[in-house]
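Student: dropping the sequence and predicted coords here.
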Amino acid sequence: MAIAPEDAERRIRAKRINERLKLLASSVNTVGLTVLGAAVLVPFIGGTFTPAAVVWILLAVGLHSVAQVLLSWLRSED
C-alpha cells in the first residue's frame, strides 16, 4: 500500500518532533540524576546532612518528573 505524500510528510514531522522531545527529556533527566548524585554524595563526603540536601533531592525528583511529562507529548508516527 502506497503512502500519500502528505502522510509521508506528517510522519517525518512527527518523527522529527519525537526525536527532539526524547533528546530534551533525556537531557533533563540527566541533569536530574546529576543533581541527585550531588545531593547525596556531597553531604556523605562532608559528613553533614543539611536541609538543603532535601531541597536538592526534591529538585532532582521534579526534573525527572518533567522528563516524564515531556515523553508523554510524543506524537504517533503512524
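Tutor: In hand now; what should we look at? Numbering: from 1, shown residues only.

Student: the protein: helices as residue ranges?
Tutor: Per DSSP state H, the chain carries helices over the ranges 5-46, 51-72.

Student: quick one, which of those helices gets closest to D78.
Tutor: D78 lies closest to helix 5-46 among those, at 7.7 Å (C-beta to C-beta). All C-beta spots, glycine's among them, are computed from the backbone N, C-alpha and C.

Student: centre of the chain to the closest one, how far?
Tutor: 3 Å (C-alpha atoms, centre = their mean, to the nearest Å).

Student: picking that back up, mean neighbour count and mean pLDDT for the helices of the chain - can I get that in TSV?
Tutor: TSV is the format used below for those (neighbours: other C-beta atoms under 10 Å; pLDDT from 0 to 100):
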stretch	mean neighbour count	mean pLDDT
helix 5-46	14	95
helix 51-72	14	96
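
Student: can I get those in a markdown table with distance to D78?
Tutor: Shown next, in a markdown table, are those (distance: least, C-beta to C-beta, whole Å):
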| stretch | distance to D78 |
| --- | --- |
| helix 5-46 | 8 |
| helix 51-72 | 17 |
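
Student: isn't L63 right up against T30?
Tutor: No: between L63 and T30 there is no contact under C-beta atoms under 8 Å: 9.1 Å.

Student: what does stretch 61-70 contact?
Tutor: Residues from elsewhere that reach stretch 61-70 (C-beta atoms under 8 Å, 6 or more residues apart in numbering): 21, 24-26, 28-29, 31-33, 35-36.

Student: on the pLDDT front, check D78 for me.
Tutor: On pLDDT, D78 comes in at 84.
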